[in-house]
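Engineer: Got a predicted model here, sequence first, then my questions.
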Amino acid sequence: MVKWSDFERAAIQDIFSKIDYDVVGRAAFSRCLIVYPWTQRYFGSFGNLYNAAAITSNPKVAAHGKVIMAGLEKALKNMDDIKTTYKDLSVLHSEKLQVDPDNFNVKLFSFYCLTIVVAGQMGAAFTPEVQGAFQKFLAVVVASLRKQYY
């Protein structure tokens, strides 16, 4: 079980209260597909992902970005038991979708792409302390999703 300080809980809640899930989800997921093009192999049904313009304007990319953000909101609402909250999603990614855990999209998405987009949206309010709390939260999410692999 993860121990959250009052500051960490407040910082994470504050971040999610200030971001637009549609905008952040689309921007972060698009960034992931553009910067890490090998992740596109898991989204063959999304159609045209041939270049940055196609990815950023793709409605399926936007919709999946929103789904990811909704999943993170579930973790936010269940911070004391993220592992159980994500059990079914972990099984889905490992057994049905067979996502390679070494290139796990969620890690790339959350640690790098989402953090960059959130930092850009929050500006000076995204202090090193806030970033630390956010990345701790994302680390717990990624670990919970990877649980089924081990």
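Structural biologist: That came through, no problem.

Engineer: what about the helix or strand harbouring Ala53, average pLDDT?
Structural biologist: Following DSSP states H and E, one finds Ala53 within helix 52-56. For helix 52-56, mean pLDDT is 97.

Engineer: Ok, stretch 74-82 next?
Structural biologist: Average pLDDT, stretch 74-82: 87.

Engineer: which parts of that stretch are buried?
Structural biologist: Judged by neighbour count using 16 or more other CB atoms under 10 Å, the buried positions of stretch 74-82 are 75-76, 79, 82. C-beta coordinates here come from the backbone N, C-alpha and C atoms, glycine included.

Engineer: Just the C-alphas of the helix or strand harbouring Met122, formatted as CSV.
Structural biologist: According to DSSP H and E, Met122 maps onto helix 115-122. Taking C-alpha atoms only, helix 115-122 is exported to CSV below (Å, rounded to 0.1, in the frame of the first residue of the first chain):
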residue,chain,number,x,y,z
THR,A,115,3.8,15.1,-17.5
ILE,A,116,4.9,17.5,-20.3
VAL,A,117,1.4,18.4,-21.3
VAL,A,118,0.2,18.9,-17.7
ALA,A,119,3.3,21.0,-17.0
GLY,A,120,2.5,23.2,-20.0
GLN,A,121,-1.1,23.6,-18.9
MET,A,122,-0.2,24.4,-15.3
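
Engineer: I'd like to know which elements whichever helix or strand comes after that helix is packed against.
Structural biologist: Toward the C-terminus, helix 115-122 is succeeded by helix 128-146 as the next helix or strand (DSSP H and E). Identification of packing neighbours for helix 128-146 by 3 or more CB pairs under 8 Å, 6 or more residues apart in numbering; DSSP states H and E yields helix 6-18, helix 59-77, helix 82-85, helix 87-91, helix 105-107, helix 115-122.

Engineer: Return the most buried member of the ones you listed.
Structural biologist: helix 105-107 (a mean of 21; mean count of other CB atoms under 10 Å).

Engineer: thought Val61 was touching Phe46?
Structural biologist: Yes. Under the criterion of CB atoms under 8 Å, Val61 makes contact with Phe46 at 6.2 Å.
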